[in-house]
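Student: Sequence and computational prediction follow.
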Amino acid sequence: MSTPHNAAEKGDFAKTVLMPGDPLRAKFIADTFLQDVRQVTGVRGMLGFTGTYEGRPISVMGSGMGMPSIGIYSYELFKFYDVDNIIRIGSAGSYTDKAKLFDTVLATGAVSESSYARVQSGYDKDISFPSQSLNDKLRASAAKQGIPLIEGNVHSSDVFYRQPSDAKPTYWEKLRDERGCLCVEMESYALFANAQVLGKNAACLLTISDSFVSPEITTAEQRQKSFTDMMKVALGAEY
């Protein structure tokens with residue numbers, strides 16, 4: 001029962017899927033952490049794998065960049081493959097000195113200018129929320145492994161290359177100071193909206209890869225292979 005975007009058959013995915021944006025990060029996670037791994041899809045280069053972690057079935061699949069992309073892949077996983085839990089594990093740009101390079105952020109809400117949820121289901125609020133029970137499981141996993149989490153809202157942006165403006169305060173300072181956004185990414189708002197519409201569970205763990213308040217930045221290889229704390233937190237949760 002494949003879809004136009006996914007070659008897997010029903011039953012190929014575990015009930016829990018970790019979803020990085022980069023399909024090569026999905027492959028890295030499968031190769032590094034999972035046992036008895038098999039590739040279940042590769043349509044358009046969007047790789048998906050299923051294996052086991054500490055004896056428990058788990059899958060990992062790329063989402064691509066942006067809300068339309070994760071909107072398609074996560075909706076299909078929830079709706080057509082009977083997946084119950086999707087945990088986005090991605091990179092983010094920090095809006096505050098409280099979230100430094102390589103820190104792990106657990107999203108408690110996703111603030112966005114996106115029209116995704118309004119167009120999809122009529123949901124007209126500019127914030128969507130993760131599953132509280134899923135977040136609790138991720139908190140427990142992090143505590144057990146001694147991995148600190150920074151919690152707060154994240155900004156889910158539709159635009160990576162926003163044009164310069166002389167406005168003060170800046171748009172990101174307003175999002176930080178007025179909406180409590182710790183950092184910016186591009187997918188969680190749509191993922192949380194899909195989970196809400198379909199009665200499923202979604203969460204988001206992010207690793208800070210660059211910053212609006214300091215000149216630090218990670219390399220493409222580091223973003224693919226070095227964000228292991230969030231991977232361990234997601235893998236170690238008891239779903």
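Tutor: Sure, I can see it.
Student: CA atoms for contacts and neighbours, from now on please.
Tutor: Will do.
Student: How many residues are close by residue 175?
Tutor: 21 (other Cα atoms under 10 Å).
Student: Helix or strand for it, just tell me which one.
Tutor: helix 171-179 (DSSP states H and E).
Student: Give me the phi and psi for residue 203.
Tutor: Torsion angles at residue 203 (phi, psi; degrees, to the nearest 10) stand at phi -150, psi 170.
Student: same question, the one 10 residues further on
Tutor: Main-chain torsions, residue 213, degrees, to the nearest 10: phi -110, psi 0.
Student: what about it, neighbour count?
Tutor: 13.
Student: and what of residue 129?
Tutor: Count around residue 129 with other Cα under 10 Å applied: 22.
Student: again with residue 136
Tutor: 12.
Student: Tell me the secondary structure at it.
Tutor: Secondary structure assignment for residue 136 (DSSP: H, G, I helix; E, B strand; the rest coil): helix.
Student: Mind giving me the packing neighbours of the helix holding residue 175?
Tutor: The contact analysis (3 or more Cα pairs under 8 Å, 6 or more residues apart in numbering; DSSP states H and E) places helix 171-179 against strand 181-185.
Student: any idea of the mean pLDDT in the strand it packs on?
Tutor: In this model, strand 181-185 has a mean pLDDT of 98.
Student: Centre of the chain to it, how far?
Tutor: Averaging C-alpha positions (Cα atoms, centre = their mean, to the nearest Å) puts strand 181-185 12 Å from its chain's average.
Student: C-terminal to it, what's the next element?
Tutor: helix 188-198.
Student: What lies in contact with that following helix?
Tutor: Applying Cα atoms under 8 Å, 6 or more residues apart in numbering, the contact partners of helix 188-198 are 67-68, 70-71, 74-75, 78-79, 88, 110-112, 116-117, 121, 127-130, 156, 201-204.
Student: Give me the buried positions along it.
Tutor: 188, 189, 190, 191, 192, 193, 194, 195, 196 (16 or more other Cα atoms under 10 Å).
Student: which residues touch the nearest residue to residue 69 once chain neighbours are set aside?
Tutor: Excluding the flanking residues, the one nearest residue 69 by Cα to Cα, 6 or more residues apart in numbering is residue 63, at 6.3 Å. Counting by Cα under 8 Å, 6+ apart, residue 63 touches 19, 20, 21, 22, 23, 46, 69, 70, 73, 74.
Student: Same question for residue 61.
Tutor: If you count contacts by Cα under 8 Å, 6+ apart, residue 61 has them with 17, 18, 19, 20, 23, 26, 46, 47, 48, 49.
Student: now it: how far from residue 95?
Tutor: 28 Å (Cα to Cα, to the nearest Å).
Student: okay, the buried residues of helix 188-198 in TSV with distance to residue 237 and pLDDT next?
Tutor: Formatted as TSV, the buried residues of helix 188-198 follow (distance: Cα to Cα, whole Å; pLDDT from 0 to 100):
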residue	distance to residue 237	pLDDT
188	19	98
189	22	98
190	23	98
191	19	98
192	19	98
193	22	98
194	22	98
195	19	98
196	21	98
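Student: Identify the farthest-apart pair in the residues you listed.
Tutor: Farthest-apart pair in the buried residues of helix 188-198 is 188 and 196; separation 12.1 Å (Cα to Cα).
Student: Show me the helices in this structure, by range?
Tutor: Assigned by DSSP state H, the helices in the chain fall at 23-33, 67-80, 116-121, 132-145, 171-179, 188-198, 220-225, 228-236.
Student: Pick out the shakiest of those helices, pLDDT-wise.
Tutor: If you rank these by mean pLDDT, helix 220-225 sits at the bottom with a mean of 71.
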